[in-house]
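Chemist: got a sequence here, can you build the structure:
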Amino acid sequence: MAKLGLETIRTRVQDDESRVVDLLKDKIALASVSAKGITGDHMRRSADYVAGQLRQVGVDAHVVQSTNPDGTPGAFEVIGSRQVNPNAPTVLLYAHHDVQPVPDPSQWSTDPFTGEEKEGRLYGRGSADDGGGIAIHSGALHALGKDLRVNVKVFIEGEEEMGSRSFIPFLQAHRDDFASDLIIVADSGNWSADTPSLTTSLRGNADLDVTVTALEHPVHSGQFGGPILDANTLAAMLIASMYDDQGQLAVPGLESGQPIGGLQRDLDQAQLRSDAGVVDSYRLAGTDSLASRLWTKPAAAVIGFDAHPVEGSFNVLADKTRFRISLRTAPTQRPEQAVQALTDFLVAHAPQGAKVEVTPSGLGMGWAMDAESPVVKQAEDAMRQAFGRDPVNKGEGGSIPFIPELKRLFPEAQVLVTGPEDPQSNAHSPNESISLQGLVDDIIAEALLLDSLGEGQN
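Modeler: Next comes the predicted model:
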């Protein structure tokens, strides 16, 4: 079979657009919030729906419940395959069917769980993250139809938003369902709705709980305050010691890097400030390009702090306090190495000799794309044709820890990270949405890539 070519694929995708949009609307309405329980009936309904949609585009898909590391029931996963030629390459298509919760629906301009089209975008929780990824895979397979010339495996995860606790046990139990030559992870996004991107890197991650102890028990702030600092103040001093005068992490042993494959275009500072809602007086921290600060340099955030609320506070020096640091590591640094470096630093910099204890958890390795891989060039060419402009590749400051695990178990497999999001998507936030034209172009790009991978196969 010959390659289908851009125009044939574009026509097929455009003719199928209404089906894909309906798929997304139905998926939004399922409200598959994994935070409400990964084993709940709502998650089973979501998995069943996705499996049914995949069967409609030729994938032998079914739902399997995973098992957590402690042996308890885990998430409802969707796995499937379509084999066309034992000699052809095998591509694993990944997305996830669970979505983030909606803490305050009043912050939305639409019903979060009713897909609504406005000004070329579809609004609803999970429209982009990661219903859009499911839609891309469904649309691409539909466009290729009987002309598909690569073997396809599919894994649609049911607990990505909850940290993929059961992923490793599931992978180990279903290793044959993951073995492939190329893995396409459709859980990221593009530079903009009309400018495509491959994601070149992901930072690693770890959490560290830090306990600072100054006293054996609380004491009166008037009687003892001055020579004795309270634990909250000591904790603040300890946190501040991690940074230089530019607001950049200055912890020996934390690796730093430049954007993978070189920086094609830096991020716009004004846009970043607007997207994040930064107050006018705030100066952005760190040095070097914004891209490196967000993608390939380490970052730390205090995401929890145990302290008495202001309301009801009284004149007592806190004897101890605890805070949690979320550490993002450079894509190529081992997280355990980074955690050890930060732990050593915190203990060594205990203010006034206070007792500092550190307990790490949730380590995840980062990932860096092989920028010189031939399949990367094929993917970039497919994007160029689909969008009608050159891709601008970018990193991501977040983490997808299962990608390094897949690479560890399948070292010969290439990984491409794509996805339906753009800067207006508001994934994890109110008014999440997806560009419908961007979705069409993403589907065309994936179909073109799969078609090119099957070149020479009969």
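Chemist: switch to C-alpha atoms for all contacts and neighbour counts from now on
Modeler: Fine.
Chemist: how much space between the nearest residue to residue 12 once chain neighbours are set aside and residue 392?
Modeler: In space, and not counting its chain neighbours, residue 12 is closest to residue 143: 5.4 Å by CA to CA, 6 or more residues apart in numbering. Counting by CA to CA, to the nearest Å, the separation of residue 143 from residue 392 is 25 Å.
Chemist: compare these two (neighbour count), which wins?
Modeler: More neighbours surround residue 143 than the other of residue 143 and residue 392, with 27 against 19 (other CA atoms under 10 Å).
Chemist: now do the same contact list for the more buried one.
Modeler: For residue 143, the contact set (CA atoms under 8 Å, 6 or more residues apart in numbering) comprises 9, 12, 13, 16, 447.
Chemist: residue ranges with poor pLDDT in this structure?
Modeler: For the chain, applying pLDDT under 70 flags the ranges 1, 456-458.
Chemist: residue 168 falls within a strand, correct?
Modeler: No - according to DSSP: H, G, I helix; E, B strand; the rest coil, the state of residue 168 is helix, so it is not within a strand.
Chemist: highest neighbour count among the contacts of residue 143?
Modeler: For the contacts of residue 143, the largest number of neighbours (other CA under 10 Å) sits with residue 447, at 29 neighbours.
Chemist: show me the contacts of residue 143 that map onto strands.
Modeler: Counting by DSSP state E, the contacts of residue 143 place none of their members in strands.
Chemist: what helix or strand is residue 122 located in?
Modeler: If you go by DSSP states H and E, residue 122 is part of strand 121-123.
Chemist: off-centre distance for the very next helix or strand once past that strand?
Modeler: Once the chain leaves strand 121-123, the next helix or strand it forms, by DSSP H and E, is helix 131-144. What separates the centre of helix 131-144 from the centre of its chain is 19 Å, taken as CA atoms, centre = their mean, to the nearest Å.
Chemist: can you name the next helix or strand after helix 131-144?
Modeler: Sequence order places strand 151-157 as the next helix or strand after helix 131-144, per DSSP H and E.
Chemist: between helix 131-144 and that following strand, find me the angle.
Modeler: Here strand 151-157 runs at 160 degrees with respect to helix 131-144, directions being taken by axes from the mean of the first three to the mean of the last three CA atoms, to 10 degrees.
Chemist: direction included, what does strand 151-157 pair up with?
Modeler: Taking DSSP bridges as the criterion, strand 151-157 forms sheet pairs with strand 73-82 (antiparallel), strand 90-96 (parallel).
Chemist: mind putting those strands into a markdown table with mean neighbour count and distance to residue 178?
Modeler: Output for these, formatted as a markdown table (neighbours: other CA atoms under 10 Å; distance: least, CA to CA, whole Å):
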| stretch | mean neighbour count | distance to residue 178 |
| --- | --- | --- |
| strand 73-82 | 24 | 9 |
| strand 90-96 | 25 | 7 |
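Chemist: which residues in the chain form helices?
Modeler: All helices of the chain, identified by DSSP state H, fall at 6-15, 17-29, 41-56, 131-144, 167-173, 221-224, 231-240, 269-276, 290-295, 335-348, 374-387, 402-409, 436-453.
Chemist: mind checking the ones you listed for the one nearest to residue 211?
Modeler: Closest to residue 211 of these is helix 231-240 (CA to CA; 8.3 Å).
Chemist: what does that closest one contact?
Modeler: Outside helix 231-240, the residues that touch it by CA under 8 Å, 6+ apart are 212-214, 307, 317-321, 323, 346, 349-352, 354.
Chemist: 7 Å instead, please
Modeler: The contact list for helix 231-240 (CA atoms under 7 Å, 6 or more residues apart in numbering) reads 212, 213, 214, 318, 319, 320, 321, 346, 349, 350, 351.
Chemist: start to end distance for stretch 28-41?
Modeler: For stretch 28-41, the first and last residues are 16 Å from each other (CA to CA).
Chemist: and stretch 114-123, by the same measure?
Modeler: Note: stretch 114-123 ends 8 Å apart using CA to CA.
Chemist: what does stretch 192-202 give?
Modeler: Stretch 192-202 end-to-end distance (CA to CA) = 18 Å.
Chemist: just to revisit the earlier point, quick check: which of the helices of the chain is buried the most?
Modeler: Most buried of those, by mean neighbour count (mean count of other CA atoms under 10 Å): helix 131-144, with a mean of 27.
Chemist: could you export it as PDB, CA atoms only?
Modeler: The C-alpha atoms that make up helix 131-144 are tabulated as PDB, following Å, rounded to 0.1, in the frame of the first residue of the first chain:
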ATOM      1  CA  GLY A 131      -9.700  13.700  26.500                       C
ATOM      2  CA  GLY A 132      -7.900  15.500  23.700                       C
ATOM      3  CA  GLY A 133      -5.300  12.800  23.700                       C
ATOM      4  CA  ILE A 134      -7.900  10.000  23.400                       C
ATOM      5  CA  ALA A 135      -9.600  12.000  20.600                       C
ATOM      6  CA  ILE A 136      -6.300  12.400  18.700                       C
ATOM      7  CA  HIS A 137      -5.600   8.600  18.700                       C
ATOM      8  CA  SER A 138      -9.200   7.800  17.800                       C
ATOM      9  CA  GLY A 139      -9.200  10.300  15.000                       C
ATOM     10  CA  ALA A 140      -5.900   9.200  13.500                       C
ATOM     11  CA  LEU A 141      -6.800   5.500  13.500                       C
ATOM     12  CA  HIS A 142     -10.200   6.400  11.900                       C
ATOM     13  CA  ALA A 143      -8.500   8.400   9.200                       C
ATOM     14  CA  LEU A 144      -6.100   5.500   8.400                       C
END
